[in-house]
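**Student:** here you go, sequence then predicted model.
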Amino acid sequence: MKRKMMLLSLATLLITSLFLSACNNDGEDASDEERVLRVAYVEGYGDMDWYHNQTELFEFQNENIEIEFVSAVNYSGRYFGDSMEEVDEVEAMRELMDSPNPPDVVIFESGNVNVFKELITEGHFQSLETFISDSDMNLDDFVPSVIEGLRTYGNGELYALSPHYTSTAMIYNKTLFDDAGVPYPTDGITWDQTLDLAKQITSFYEEDEVTKYGFAFEGYGYSDLMDRAEIYSAQLELEMIDENKEYVLVNNDQWKKVFTDLIELQENNVVAGDDFFEIMYSSYENDEPAAFYEEDIFLSGRTAMTLMEGSYQLNDFVSMLEQAKLEENFNEFDWDFVTYPVHAENPEVGGPMSMYPILTVASNAQNADDAWKLIEFMNSETYAKIKSKSNNDLLTRKEYNNKLDQYDVNMAAFTDAPVSSITGDYYSYGDQNWLIQRLGNRLLRFVDDDELSLEEALTYWEDYGNQMLQKIKENPEIDIDELQEEIYEYTRSLQEEFWNQ
């Protein structure tokens, strides 16, 4: 225990020393005047630690600035199972920003980007262009796709900055490629090229006792047809429903091709599906539990390529790899990254990306100077240098993403990809897109289980989905849980029909 405390103290001393030596007046305040900086965020859960962790270095350097946190919506009761009505987060944040005591800084996360986008159009935030031009900040030091992505929210104008981001790259097993004599994937690779390489890998290893897939959409193996289709089609920007949210659009040639291609690839073991998940768990039923690393389709050497998010998944992978190396039967292999595949017909659209926290200055901020001071500091070289010492999260200052522990790998795959149109603006719980996706997910499982043809599933999806959209149009206040229950009952009745045939 004493040794642990000593190490912790040394680590704290190191970070503090780095902070003090690297400051170079970044965010330093020449005035001793006591001031309050109001920082708002969308969702509150009663736990302020995460937000304090984001701002504590700034507070340490600016002791005369007191940060006061406030949330637009308080969801803390959900931790205790309290029943709560859904809240219009856009309206809640609008009311807070228009109140007599508005926030100075507003923080958004990837899950509520839709709130940010809506409020930008209403003029609730100040452009950061003048702040940046009057400072020493150089936007060329940042990951280009992050800055471009943030600009898309403001129709070309920059209203926010973010110190962290996460993007996805493709990781590949160099050893499997070498043994098969197949060339490695390269940066800028397309989906067609990726799947062609995957077919070559599968063909070479098809006689092996253990199935080796060319590609897996999910590193942990399990993904159903809906999961794979959403990942594969996202960059094509295909819509599930029309702009007016009246009609389901999945029963068309574009969506049919996506589903047909993926079904064929899975049937030929080119792409891993939920069959890997079933194989894994059959070992437990036979009282032969596999080693922990066997549950990861890439770490176990069962796929040549998969997609990997560059923050949580990457950190988990490295941790599991180090642990697996201690296991007697683990087969080590060489690996590296390339950029996320793009569609040849839409090459300018990269893979999924999200920025966090997204920091903005309110248009009616009472303390705009300190608001910018906080944003400038959290996006400074000092902040990036310190954070790069404490974790492997991707930093928007690209200089600090070059290394991954002791591994000499292509981390540029996470920074040099095209800008993404998939920037954390996910389907909101209970909206029409979310409900139609849920319906499709259940129907496509019947296709996976050979209980429905693809054509039948798409027809059911379109017909019943249109009925649901009409219900919502006629009654916008309809209970979302009631609609979910209707989806469940509808798909269960279909399944009973299949069983009785």
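**Tutor:** Structure's in. What do you need?
**Student:** which stretches of this protein have low pLDDT?
**Tutor:** 1-31, 44-50, 76-86, 220-222, 275-289, 391, 421-430 (pLDDT under 70).
**Student:** domains of it?
**Tutor:** Using automatic domain parsing, the domain parsing of the chain gives 31-164+353-414, 168-339, 432-500.
**Student:** out of those, which comes closest to Ser420?
**Tutor:** Taking C-beta to C-beta, domain 31-164+353-414 is the member of the domains of the chain nearest to Ser420, at 4.1 Å. C-betas here are computed from N, CA, C, even on glycine.
**Student:** give the contact list for Gln177.
**Tutor:** For the record, residue 177 is Phe, not Gln. Pro183, Tyr184, Ile201, Ala304 (C-beta atoms under 8 Å, 6 or more residues apart in numbering).
**Student:** just the strands in the stretch 151-300 of the chain please.
**Tutor:** 164-173 (DSSP state E, counting those that start in this stretch).
**Student:** rewinding a little: and Pro347, which of the domains of the chain is closest to it?
**Tutor:** Using C-beta to C-beta, the domains of the chain put domain 168-339 closest to Pro347, at 7.3 Å.
**Student:** now the domains of the chain as TSV including distance to Glu345?
**Tutor:** Shown next, in TSV, are the domains of the chain (distance: least, C-beta to C-beta, whole Å):
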stretch	distance to Glu345
domain 31-164+353-414	20
domain 168-339	8
domain 432-500	22
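**Student:** sorry, back to before: need the contacts of Phe177 in JSON lines (columns: neighbour count and distance to Gln323).
**Tutor:** JSON lines is the format used below for those (neighbours: other C-beta atoms under 10 Å; distance: C-beta to C-beta, whole Å):
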{"residue": "Pro183", "neighbour count": "9", "distance to Gln323": "31"}
{"residue": "Tyr184", "neighbour count": "14", "distance to Gln323": "26"}
{"residue": "Ile201", "neighbour count": "24", "distance to Gln323": "26"}
{"residue": "Ala304", "neighbour count": "29", "distance to Gln323": "22"}
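**Student:** mind putting the residues you listed in JSON lines, distance to Asp136 included?
**Tutor:** Output for these, formatted as JSON lines (distance: C-beta to C-beta, whole Å):
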{"residue": "Pro183", "distance to Asp136": "45"}
{"residue": "Tyr184", "distance to Asp136": "41"}
{"residue": "Ile201", "distance to Asp136": "49"}
{"residue": "Ala304", "distance to Asp136": "46"}
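**Student:** now, which of those sits nearest Ser223?
**Tutor:** Distances from Ser223 to the contacts of Phe177, taken by C-beta to C-beta, are shortest for Ala304, at 16.4 Å.
**Student:** in contact with that closest one, which residues?
**Tutor:** 172-173, 176-177, 180, 182, 197-198, 201, 212-215.
**Student:** go again using 7 Å as the cut-off
**Tutor:** Shown in contact with Ala304 (C-beta atoms under 7 Å, 6 or more residues apart in numbering): Tyr172, Asn173, Leu176, Phe177, Ala198, Ile201, Gly214, Phe215.
**Student:** most neighbours, which of these?
**Tutor:** Counting neighbours by other C-beta atoms under 10 Å, Gly214 leads the contacts of Ala304 with 28 neighbours.
**Student:** which non-adjacent residue is nearest it?
**Tutor:** Spatial nearest neighbour of Gly214, chain neighbours left out: Ala198 (2.5 Å); criterion: C-beta to C-beta, 6 or more residues apart in numbering.
**Student:** swap in Glu59?
**Tutor:** Ile67 (6.0 Å).
**Student:** quickly note the distance from Ile231 to Asp224.
**Tutor:** 11 Å (C-beta to C-beta, to the nearest Å).
**Student:** repeat that for Thr194.
**Tutor:** In terms of C-beta to C-beta, Thr194 sits 20 Å off from Asp224.
**Student:** all helices of the stretch 51-200 of the chain, in order?
**Tutor:** 89-97, 113-121, 129-133, 144-153, 174-180, 191-204 (DSSP state H, counting those that start in this stretch).
**Student:** so which of those is nearest Gln432?
**Tutor:** Per C-beta to C-beta, nearest to Gln432 of the helices of the stretch 51-200 of the chain: helix 113-121, 13.3 Å.
**Student:** just the angle for that closest one relative to helix 89-97, thanks.
**Tutor:** 50 degrees (axes from the mean of the first three to the mean of the last three C-alpha atoms, to 10 degrees).
**Student:** return the list of helices and strands in contact with helix 113-121.
**Tutor:** Judged by 3 or more C-beta pairs under 7 Å, 6 or more residues apart in numbering; DSSP states H and E, helix 113-121 is in contact with helix 89-97, helix 144-153.
**Student:** pull the CA atoms of that helix into PDB?
**Tutor:** Extracted C-alpha coordinates of helix 113-121, given in PDB (Å, rounded to 0.1, in the frame of the first residue of the first chain):
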ATOM      1  CA  VAL A 113     -24.900  17.000 -30.800                       C
ATOM      2  CA  ASN A 114     -28.400  17.400 -32.200                       C
ATOM      3  CA  VAL A 115     -29.100  20.000 -29.500                       C
ATOM      4  CA  PHE A 116     -26.000  21.900 -30.500                       C
ATOM      5  CA  LYS A 117     -26.900  21.800 -34.200                       C
ATOM      6  CA  GLU A 118     -30.400  23.100 -33.500                       C
ATOM      7  CA  LEU A 119     -29.300  26.000 -31.300                       C
ATOM      8  CA  ILE A 120     -26.600  27.100 -33.700                       C
ATOM      9  CA  THR A 121     -29.200  27.900 -36.300                       C
END
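**Student:** and that helix with helix 144-153, angle?
**Tutor:** 60 degrees.
**Student:** buried residues in helix 113-121?
**Tutor:** By neighbour count on 16 or more other C-beta atoms under 10 Å, the buried set for helix 113-121 is Val113, Asn114, Val115, Phe116, Lys117, Leu119, Ile120.
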